[in-house]
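[1] generate coordinates for the sequence data below:
(2 chains)
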Amino acid sequence: SQTIHQWPATLVQPVGSPLSLECTVEGTSNPNLYWYRQAAGRGLQLLFYSVGIGQISSEVPQNLSASRPQDRQFILSSKKLLLSDSGFYLCAWSVQPSNYGYTFGSGTRLTVV
Amino acid sequence: GENVEQHPSTLSVQEGDSAVIKCTYSDSASNYFPWYKQELGKRPQLIIDIRSNVGEKKDQRIAVTLNKTAKHFSLHITETQPEDSAVYFCAATFGNEKLTFGTGTRLTIIP
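    Have a look, this model is predicted:
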C-alpha cells in the first residue's frame, strides 16, 4: 500500500534562517506531488506541484522554492524565512492524472519567530 | 480562471440534525469533485468523492450531489454526531494535474 512521509512535524525557526522540508512517498511510482500551506484557521493554498523529476510548477510567487530530485521525493526550501511563512505545510500525492483524491502527509507546523 | 466557492464558512447544527455544505466551480471541464474533512491540527482526509458522470453518491450518513449544468455540488451529512465537528473542504479538478480547494466550512455539532 502507498504511504506518504513528511518531516519534521513541528519546527520553530528565526526570521532569516533557511528552511528545508522533506516529503517522500512509498508504494507507487511517478506520482504527482504537491506542497500546500495553510495559515491558522484558513484554507489550503497550493504552493508547488510536480508531475515528474525536475518538473516544478509554482502557483504563488514567494521566497519559497521546491525541488524533486527523485521520483518519490519532494522538498520545500527557503533561503531566508519571513514571519509570513509561518503556517501548516502539507505535502500530498496523487496518481496521474489527478482525477483521483489526494493523500496528504501529516504536515509540518512551522513557526517563524 | 480556476475558482471554487464554498458556503457557508461556518455552520452549527444540533446533534441529530442534517448539515449541508455547497460549492460552485468555474470550469465546465472539471470532472472530479472530492470532499475532505480536517480535524483540528490534523491532515485533511478524503471522505467522499463524485465524478461528472454521476449525479449522486452516498456512503452511510454522507452523500454528495452534483449538478453539472449549474456547476455546483453539495455535501449532505445526516443524523449528525459530535465527531462530525471539523472543517470540510470541497475541491474540483482543473486540468489533469491539480485540485483547487474551496475555502472551507467549519462545522460544529451542538450536543
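
[2] shaky segments in chain B?
    B:1, B:96 (pLDDT under 70).

[3] show me where it has its strands.
    All strands of chain B, identified by DSSP state E, fall at B:4-7, B:10-14, B:19-25, B:32-38, B:45-51, B:56-59, B:62-67, B:72-77, B:86-94, B:98-101, B:105-110.

[4] which among those is found nearest to A:Q96?
    strand B:98-101 (11.2 Å; CB to CB). (Each C-beta comes from the backbone N, C-alpha and C, glycine too.)

[5] quick one: contacts of the closest one?
    A:32, A:34, A:43-44, A:46, A:49, A:98, A:102, B:2-4, B:25, B:32, B:34, B:36, B:89-94 (CB atoms under 8 Å, 6 or more residues apart in numbering or on different chains).

[6] how far does stretch A:104-113 sit from the chain's center?
    Here the centre of stretch A:104-113 is set off from its chain's centre by 9 Å, with CA atoms, centre = their mean, to the nearest Å.

[7] now residue 10, nearest residue through space, not along the chain?
    Went with chain A since none was named. A:R109 (4.8 Å; CB to CB, 6 or more residues apart in numbering or on different chains).

[8] if you could check chain B rather than the one you did, that'd help
    B:R106 (4.7 Å).

[9] for B:S28, same thing?
    With CB to CB, 6+ apart, the residue lying closest to B:S28 is B:K71, at 6.5 Å.

[10] same check on A:Y100?
    In space, A:Y100 is closest to A:S94, 5.9 Å off (CB to CB, 6+ apart).

[11] same question for A:I4.
    A:G105 (4.6 Å).

[12] bridge partners for B:F73, pull those for me.
    B:C23, B:L66 (DSSP bridges).

[13] what's the neighbour count on it?
    26 (other CB atoms under 10 Å in any protein chain shown).

[14] close to chain B: what parts of chain A are there?
    A:32, A:34, A:42-44, A:46, A:49, A:51, A:57, A:90, A:96-107, A:109 (CB under 8 Å from any CB of the partner chain).

[15] list the contacts for the residue nearest to A:I4?
    A:G105 neighbours (CB under 8 Å, 6+ apart): A:I4, A:H5, A:Q6, A:C23, A:L90, A:C91, A:A92, B:R43.

[16] now stretch A:46-62, how far from the chain's geometric center?
    With CA atoms, centre = their mean, you get 9 Å for stretch A:46-62.

[17] my bad, should have said stretch A:82-102
    6 Å.

[18] and stretch A:41-55, by the same measure?
    With CA atoms, centre = their mean as the basis, the mean position of stretch A:41-55 lies at 6 Å from the chain mean.

[19] endpoint to endpoint, it covers what distance?
    Counting by CA to CA, to the nearest Å, you get 31 Å between the two ends of stretch A:41-55.

[20] before I go, just wanted to say thanks for your time.
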